[in-house]
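let's see this in three dimensions:
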Amino acid sequence: MMRGIVRVVILFTCILFMAAAADAKERIYYVGVDGLYVMQSIDEQQTKDKFTGSMDVDFDDSWGVRLNGGWVINKYFTSEAMFEYVAPFEAKTGGNKDELDVMNFTINGKFTCPAYKGKGFVPYGLLGVGIMNAYEDISYNSSTSKTSDWGASVRAGIGVDYYINACYSLKLEGAYVSGLGNLDHIRYSEIAFGAAYHF
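Residues are numbered from 1 along each chain as shown. Next up is the predicted model:
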């Protein structure tokens with residue numbers, strides 16, 4: 001999995017440099033990268049049900065990274081694609097260890113307020129839907145259990161973009177993400193700080 005993530009990051013970096021070399025008059029597209037602090041609110045009963053006896057499961061918070069690209073349709077609305085990887089949430093009890101990581105791809109609608117753009121600040125609200133994968137690796141004494149589940153996901157957030165200049169912006173965002181169907185137990189909140197290049 002890490003090899004795949006490294007390849008995506010390298011590809012994304014190449015795209016960023018190619019975009020930087022482009023001389024576009026209208027900067028209606030952007031690419032960006034965000035770092036995440038992720039606060040879990042996972043329904044841990046899903047994991048407890050995998051054990052035959054009583055088991056205490058308490059996941060820690062985690063971190064993540066995401067890549068995003070968008071198309072500014074007008075000053076009020078932007079269409080955005082986002083890929084997110086959340087490093088494993090961990091739960092340890094004695095010799096037992098549980099790791100659960102998440103990959104999430106969403107298509108977002110970003111509703112912007114241009115009132116403060118003259119000062120560089122653009123507040124926004126965001127709604128998105130997508131596809132999520134949760135991979136769980138449980139080590140219990142000498143036994144292991146590995147599961148990979150797919151399902152739909154939804155995202156809602158608010159944030160602000162700060163334009164350093166016409167080409168570069170910084171982002172601060174808070175969001176809530178939830179899985180659906182097979183993944184309705186996967187829920188987390190996140191704080192994102194990132195940067196984007198506009199072309």
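
tell me which helix or strand comes right after the helix or strand of the chain with the lowest mean pLDDT.
Lowest by mean pLDDT, DSSP states H and E among the helices and strands of the chain is helix 2-21, with a mean of 49. The helix or strand immediately downstream of helix 2-21 is strand 29-40, counting by DSSP states H and E.

the one helix or strand Ala81 maps to: which residues count as buried?
Assigned by DSSP H and E, Ala81 belongs to strand 77-93. By neighbour count on 16 or more other C-beta atoms under 10 Å, the buried set for strand 77-93 is 78, 80, 82-86, 88-89, 91. (C-beta placed from N, C-alpha, C; glycine too.)

also stretch 32-43?
32-34, 36, 38, 40, 42.

so what's the residue nearest in space to the middle of the chain bridging to?
Centroid-nearest residue in the chain: Glu84, 3.4 Å away (criterion: C-alpha atoms, centre = their mean). Note on Glu84: beta-bridge partners by DSSP bridges are Arg66, Asn104.

so the strand holding Ala81 versus strand 29-40, what angle?
Counting by axes from the mean of the first three to the mean of the last three C-alpha atoms, to 10 degrees, strand 77-93 lies at 30 degrees to strand 29-40.

would you mind extracting the C-alpha trace of strand 77-93 into CSV?
These are the backbone C-alpha positions of strand 77-93, laid out as CSV (Å, rounded to 0.1, in the frame of the first residue of the first chain):
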residue,chain,number,x,y,z
PHE,A,77,-18.9,27.4,-6.8
THR,A,78,-16.0,25.1,-7.4
SER,A,79,-16.0,21.4,-8.4
GLU,A,80,-13.3,19.4,-6.6
ALA,A,81,-11.8,15.9,-6.7
MET,A,82,-10.1,14.7,-3.5
PHE,A,83,-8.1,11.6,-2.6
GLU,A,84,-7.4,11.1,1.1
TYR,A,85,-5.3,8.5,3.0
VAL,A,86,-5.6,8.2,6.8
ALA,A,87,-2.8,6.4,8.5
PRO,A,88,-3.9,3.5,10.8
PHE,A,89,-6.0,4.2,13.8
GLU,A,90,-4.4,2.0,16.5
ALA,A,91,-5.9,0.1,19.5
LYS,A,92,-3.7,-1.9,21.8
THR,A,93,-4.8,-4.1,24.7
